[in-house]
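> predicted model and sequence below, questions to follow.
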Amino acid sequence: MSDSIEDTELKRFYQSLIQDLKSTQVSEEEGGILEQIFTQTAVDLLADAGETENVRVAHDEGYLGTKNQHKINAYAEPDNYETIDLFITIYKGKDEPTRLAKEEIDTAAKRITNFFRKAKCKDYVNEIEESSQIFDFAHMLSTCGDLTENMVRVNAIILTDGLYPGAIPENQNIAGYPVFFRVIDLAYLYNITEKSHILIEIDFKKDGFEIPCIISPSENDQYQSYLAIISGSALATIYERYGSRLLEQNVRSFLQFTGKINKGMRKTINEEPHMFLAFNNGIAVTAEEIEIAKSEDGKGYLISKVKDFQIVNGGQTTASIYHTLKKDKADISGVFVQVKLTVVKNRNDFSKIVSRISEYANTQNKVSVSDLSSNIPYHIELEKLSRTIFTPHVTGQINQTRWFYERARGQYKNARIKEGFTKAKQKAFDLKNPKKQMFNKEDLAKYVNAYREICDGNKLRIGPHLVVQGNQKNYAQFLNNNLIDKPDNIYFEDIVSKAILFRTAEKLYGVKPNAIGDLRYITVPYAISLLGYLTEYKLDLYKIWTNQSISEGLQSTLRDLMRLVENFIKNSAPGALFGEWGKKQDCWFTMKEEFKNTPIPISPEDLVNPETRPRRRISDTEVENSNFKEIEATIKNISTQKWKVICQYCKENDEIPDYFTNAVHNLRRKLKEGIRPTSKEILLVDELLNKIIYKTSIFDEE
């Protein structure tokens with residue numbers, strides 16, 4: 001790293017990122033281009049932070065070096081045809097982070113906007129093969145009437161593993177659509193791994209808006225409330241700029257800005273704008289910090305700036321004002337909305353309090369905020385099982401391994417760091433927990449939803465069409481319709497079997513030039529659903545778990561089914577919009593009808609034998625004991641010298657409560673004297689390690 005870049009934590013993050021990219025490239029077996037692997041990693045981080053969703057990595061480029069040059073690495077499919085996210089990647093892959101020049105950013109901006117201009121306004125779609133990764137998207141941009149009518153903004157997002165502290169390209173207007181540029185560099189990616197999301201800061205004073213408010217007289221150390229009046233013009237301005245990013249991220253996946261205008265609100269805005277304040281319930285907003293100032297007459301207060309502006313209730317109100325302004329050319333100068341704004345004082349409890357406010361503000365919704373978090377009992381229990389259950393002995397494999405369920409982002413890295421302060425220990429961890437056997441909540445939903453449909457009368461609650469719709473939507477429907485009350489070891493083993501089935505199908509589908517086609521993201525989930533349907537869901541999942549693979553005969557059947565599905569999608573999709581067709585439940589209903597009497601060549605050995613002895617269920621006590629032993633072993637494995645460093649770090653860091661510092665001190669003393677620490681001390685110290693594992697270089701290799 002150059003002398004001008006002295007941030008040790010950023011350097012560590014970069015080295016870890018590059019290592020992960022190369023590891024992923026190796027583990028994918030069929031290989032992969034590092035630029036696209038980085039693209040996938042970056043958009044996954046942005047999706048976790050709630051800054052985008054349903055991203056599809058798809059590369060296309062042409063005419064590089066000319067004035068007509070274009071390039072795209074990924075795009076986010078619009079849910080309501082309101083926002084398009086376009087991604088272009090500048091990947092360096094050097095040993096140390098590289099600083100980017102403004103010319104590189106400007107070139108990337110030109111390339112991505114040229115792609116949009118060609119696809120939206122010209123006949124570029126006619127130059128692309130229908131089987132191309134980008135065809136569906138280009139076709140939609142050029143022909144979709146709903147998109148043309150409803151699109152509000154285009155986000156042109158430049159991804160890079162380098163550092164860019166310079167000026168962002170100025171916003172553009174292409175074919176009547178505002179294009180907003182963002183640069184997501186290494187520092188930005190590092191920040192969202194630390195903070196979960198980047199704060200939205202709104203400077204109302206700079207934008208020319210006055211937000212009068214009154215301050216709640218209630219005094220406490222948790223929050224401060226304000227009641228304010230915001231103009232429709234101010235709301236419309238920030239909505240155009242940020243869209244769904246304004247909506248608190250925990251509820252975003254089910255409280256979407258739908259793009260639809262509430263008829264009552266529309267009528268009021270057009271006919272009686274002065275009555276909007278009286279008729280509307282207002283919006284609820286949370287913030288980390290605000291700036292207030294005295295009004296000019298000195299009789300009241302104005303909110304001038306808000307840090308981390310998040311709408312927790314009132315998304316439809318905000319969207320309706322904006323769309324009525326744009327579609328009806330309405331005069332919204334007389335429209336005002338009441339705002340309840342809550343500033344959370346305690347930063348340590350910020351996320352927890354905001355989530356609770358969100359939950360209580362949206363109690364009418366089927367999925368609660370807690371359901372969408374990683375802290376519901378289902379996920380916690382699944383995590384415990386994944387740390388308890390080892391795979392059976394498999395021929396050709398020396399040691400037993402685990403399938404590591406990452407309930408929250410970063411758990412795998414956390415565990416690897418805690419167990420591996422030396423290269424030898426890291427290698428031991430990797431042997432026990434191969435990265436290729438790590439899966440997260442979105443993966444889980446994909447594997448489970450693809451395997452078996454769930455119908456409620458004529459309504460398809462769960463099916464392969466949801467998997468095609470993207471991770472966020474599929475996960476939300478998984479929570480709504482496919483959770484069980486209490487996972488056990490059999491349930492976990494079956495999930496792993498479904499993961500093996502899904503991942504094997506992806507490998508069998510292949511990559512160019514030997515791939516079945518270019519619709520893997522559609523064909524794989526549909527083929528697995530069809531396999532389940534045609535076998536009446538009698539596939540022997542325990543056999544797959546026992547062998548940690550599927551039989552050659554089942555592989556052959558799966559390959560044939562994928563060819564069948566691929567051809568069906570291409571021949572049945574209206575207007576050659578394969579992706580849009582695959583997202584509809586009618587696609588699955590039509591496919592089932594088409595193939596319901598199709599004989600499927602499958603060996604009886606791959607199906608459940610009803611005479612097989614029932615599988616043993618592990619008790620809750622066994623799971624808890626096994627998990628505790630794992631934590632205890634990890635903590636005892638840390639050297640006395642390392643505990644001394646950790647203890648010193650706790651004493652010098654004011655953010656760490658005394659009870660953590662005392663627990664570390666007592667544990668270090670007991671380990672040194674050969675005394676067994678109490679269960680409470682072990683669990684408390686483990687909680688501390690999980691909090692500080694990435695915060696300091698004390699966990700660097702010994």
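All right, it came through fine. Numbers count the residues shown, from 1 in each chain.
> next, count neighbours for residue 289.
Residue 289: 14 surrounding residues under other C-beta atoms under 10 Å. Using the backbone N, CA and C atoms, a C-beta is placed for each residue, glycine as well.
> chain center to stretch 457-472: distance?
The chain centre lies 18 Å from the centre of stretch 457-472; the measure is C-alpha atoms, centre = their mean, to the nearest Å.
> cool, stretch 600-614 as well?
Stretch 600-614 sits 37 Å away from the centroid of its parent chain (C-alpha atoms, centre = their mean).
> buried stuff in that stretch?
Buried positions in stretch 600-614, judged by neighbour count with 16 or more other C-beta atoms under 10 Å: 602, 606, 608.
> ok, residues contacting that stretch?
Stretch 600-614 is contacted from outside by 531, 534-535, 538-540, 542-543, 550-551, 553-554, 556-557, 560-561, using C-beta atoms under 8 Å, 6 or more residues apart in numbering.
> next step: the buried residues of stretch 600-614 restricted to strands.
Taking DSSP state E as the definition of strands, those contribute nothing to them.
> now, among the residues you listed, which is nearest to residue 294?
Nearest to residue 294, judged by C-beta to C-beta, of these is residue 608 at 74.2 Å.
> what's the distance between that closest one and residue 504?
Distance from residue 608 to residue 504, counting by C-beta to C-beta, to the nearest Å: 19 Å.
> same deal with residue 613?
Applying C-beta to C-beta to residue 613 and residue 504 gives a distance of 27 Å.
> residue 400 too?
Counting by C-beta to C-beta - residue 400 and residue 504 are separated by 20 Å.
> same check on residue 164?
40 Å.
> and these two? which has more neighbours close in?
Per other C-beta under 10 Å, whichever of residue 164 and residue 504 has more neighbours is residue 164, with 22 against 19.
> for stretch 71-86, how far is the first residue from the last?
Stretch 71-86 has its terminal residues 10 Å apart, counting by C-alpha to C-alpha, to the nearest Å.
> stretch 305-321 now?
With C-alpha to C-alpha as the measure, stretch 305-321 spans 22 Å from end to end.
> now do stretch 26-43
Taking C-alpha to C-alpha, stretch 26-43 runs 20 Å from one end to the other.
> so for that stretch, what gets flagged as buried?
For stretch 26-43, the neighbour count (16+ other C-beta under 10 Å) marks 32, 34, 35, 36, 37, 38, 39, 40, 41, 42, 43 as buried.
> isn't the second one up against residue 92?
Read that as residue 34. No. The criterion here is C-beta atoms under 8 Å, and residue 34 misses it with residue 92 at 10.1 Å.
> just list the residues touching residue 133, thanks.
Residues near residue 133 by C-beta under 8 Å, 6+ apart: 56, 58, 59, 60, 518.
> what's the neighbour count on the spatially closest residue to the last one that is not a sequence neighbour?
Setting aside the residues directly before and after it, residue 518 is nearest to residue 131 in space (C-beta to C-beta, 6 or more residues apart in numbering), at 4.1 Å. The burial metric for residue 131, expressed as a neighbour count using other C-beta under 10 Å, is 14.
> residue 461: which element?
Assigned by DSSP states H and E, residue 461 falls within strand 459-462.
> I'd like the mean pLDDT over that strand, please.
Strand 459-462 carries an average pLDDT of 92.
> ok, stretch 629-641 next?
Mean predicted lDDT for stretch 629-641 stands at 81.
> give me the contact list for it.
Here stretch 629-641 makes contact (C-beta under 8 Å, 6+ apart) with 387-388, 418-419, 421, 425, 646, 667-668, 671-672, 677, 682-683, 685-686, 689, 702.
> which of the residues in that stretch are buried?
Neighbour counts using 16+ other C-beta under 10 Å place 630, 631, 632, 634, 635, 638 of stretch 629-641 among the buried residues.
> follow-up on the earlier one: contact partners for the residue nearest to residue 518?
By C-beta under 8 Å, 6+ apart, the contact set of residue 131 is 517, 518, 519.
> is it true that residue 153 touches residue 243?
Yes. The criterion here is C-beta under 8 Å, and residue 153 meets it with residue 243 at 6.1 Å.
> domain ranges for the chain?
Split into domains by automatic domain parsing, the chain comes to 8-195, 201-367, 381-411+436-606, 638-699.
> burial measure for residue 56, as a count.
18.
> likewise for residue 333?
Count around residue 333 with other C-beta under 10 Å applied: 10.
> sorry, back to before: tell me the most packed of the contacts of residue 131, by neighbour count.
Using other C-beta under 10 Å as the neighbour test, these are led by residue 519, with 26 neighbours.
> and the helices in the stretch 201-350 of the chain?
Ranges of helices within the stretch 201-350 of the chain are 232-242, 249-252, 263-271, 276-279, 315-328, 350-361, based on DSSP state H, counting those that start in this stretch.
> equivalent analysis for the stretch 51-200 of the chain, please.
Counting by DSSP H, counting those that start in this stretch, the stretch 51-200 of the chain has helices at residues 102-121, 135-143, 145-150, 186-195.
> what's the answer for the stretch 451-600 of the chain, then?
Under DSSP H, counting those that start in this stretch, the stretch 451-600 of the chain gives helices at 464-469, 471-481, 489-509, 520-534, 541-547, 552-572, 578-582, 585-595.
> out of the ones you listed, which comes closest to residue 222?
Proximity to residue 222 (C-beta to C-beta) singles out helix 471-481 among the helices of the stretch 451-600 of the chain, at 28.5 Å.
> how close does the residue in the chain sticking out farthest from the centre get to residue 212?
Computed with C-alpha atoms, centre = their mean, the maximum C-alpha offset from the centroid of the chain is found at residue 297, amounting to 47.1 Å. Plainly put, residue 297 is 11 Å away from residue 212 if you go by C-beta to C-beta.
> residue 136 now?
Distance, residue 136 to residue 212, using C-beta to C-beta: 48 Å.
> ok, these two, which is more surrounded?
Using other C-beta under 10 Å, the more surrounded residue of residue 136 and residue 212 is residue 136, with 28 against 15.
> any idea of the pLDDT on that one?
pLDDT, residue 136: 84.
> can you name the residues that contact it?
Here residue 136 is in contact with 577, 578, 579, 580 (C-beta under 8 Å, 6+ apart).
> does the first one touch residue 140 like I think?
Yes. Residue 577 is within contact range of residue 140, at 6.8 Å (criterion: C-beta under 8 Å).
> okay, these two: which has more neighbours?
Just comparing residue 577 and residue 140: by other C-beta under 10 Å the higher neighbour count belongs to residue 140, 22 against 16.
> next one: the closest residue to the more buried one other than its chain neighbours, what pLDDT does it get?
Computed as C-beta to C-beta, 6+ apart, the closest residue to residue 140 that is not its neighbour in sequence is residue 147, at 6.3 Å. Residue 147 is assigned a predicted lDDT (pLDDT) of 81.
> quick check, residue 147 in contact with residue 137.
No. With contacts counted by C-beta under 8 Å, residue 147 stays clear of residue 137, the gap being 10.6 Å.
> coming back round to it: and which of the contacts of residue 133 is nearest residue 306?
Taking the contacts of residue 133 together and measuring to residue 306 by C-beta to C-beta, the closest member is residue 56, at 33.2 Å.
> the closest one against residue 72, yeah?
No. Residue 56 lies out of contact with residue 72 (C-beta under 8 Å); the separation is 10.7 Å.
> who touches both of the two?
Common neighbours of residue 56 and residue 72 are not found (criterion: C-beta under 8 Å, 6+ apart).
> need the next SSE after the worst-scoring helix or strand of the chain on mean pLDDT, C-terminal direction.
Taking mean pLDDT, DSSP states H and E as the measure, the chain has helix 369-372 as its least confident helix or strand, at a mean of 47. Helices and strands here follow DSSP H and E; after helix 369-372, the next one along the chain is helix 377-388.
> what mean pLDDT does that following helix have?
91.
> and residue 621, how many neighbours?
Residues near residue 621, counting by other C-beta under 10 Å, number 8.
> out of the helices of the stretch 201-350 of the chain, flag the one nearest residue 513.
Among the helices of the stretch 201-350 of the chain, helix 249-252 comes nearest to residue 513, with 39.5 Å by C-beta to C-beta.
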